[in-house]
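[1] this one's sequence-less:
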């Protein structure tokens, strides 16, 4: 059973930093991607960042480019989202998701972790 478990969310002041972690287990896919997506209250879920697990290629939403960094530890099967220079508009529930085929469709999701940025 595929499991994705996020951790590291919390409350931080604007300009601060947080690092989210996603522990992945229960699968042996050959080529996949891990993405971070977020959903703010009253808004649709939006893409934040993703990483191709094998080659390590990364992609970012324009709104976080230069502030957020996605990475992975292949030995630990963990993905990370380092978030710097946080803004109040980054407040959302952040989800880790697995794209099994690397085609941009996320089949598996974590439970989410709340990030709140105060002004």
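    Looks like it came in fine. This one's a predicted model, so the numbers in the text were calculated from it and none came from an experiment. Residues are numbered from 1 along each chain as shown.

[2] surely residue 89 is in a helix?
    Yes - residue state for residue 89 (DSSP: H, G, I helix; E, B strand; the rest coil) corresponds to a helix.

[3] what's around it, how many residues?
    Around residue 89 there are 11 other residues, counting by other Cβ atoms under 10 Å. C-betas here are computed from N, CA, C, even on glycine.

[4] mean confidence for stretch 35-52?
    Average pLDDT, stretch 35-52: 97.

[5] how far out from the middle of the chain is it?
    Taking Cα atoms, centre = their mean, to the nearest Å, one finds stretch 35-52 lying 7 Å from the centre of the chain it belongs to.

[6] do the same with stretch 63-70
    Going by Cα atoms, centre = their mean, where stretch 63-70 is centred and where its chain is centred differ by 11 Å.

[7] which other residues reach that stretch?
    Identification of contacts with stretch 63-70 by Cβ atoms under 8 Å, 6 or more residues apart in numbering yields 34, 36, 48-51, 58, 60, 79-86, 89-90.

[8] try it again at 6 Å.
    Applying Cβ atoms under 6 Å, 6 or more residues apart in numbering, the contact partners of stretch 63-70 are 48, 49, 51, 58, 81, 82, 83, 84, 85.

[9] save those as a markdown table, and put in distance to residue 64, neighbour count and secondary structure too.
    A markdown table is the format used below for these (distance: Cβ to Cβ, whole Å; neighbours: other Cβ atoms under 10 Å; DSSP: H, G, I helix; E, B strand; the rest coil):
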| residue | distance to residue 64 | neighbour count | secondary structure |
| --- | --- | --- | --- |
| 48 | 6 | 23 | strand |
| 49 | 7 | 23 | strand |
| 51 | 13 | 21 | strand |
| 58 | 11 | 15 | strand |
| 81 | 9 | 27 | strand |
| 82 | 11 | 15 | strand |
| 83 | 8 | 27 | strand |
| 84 | 10 | 14 | coil |
| 85 | 10 | 13 | coil |
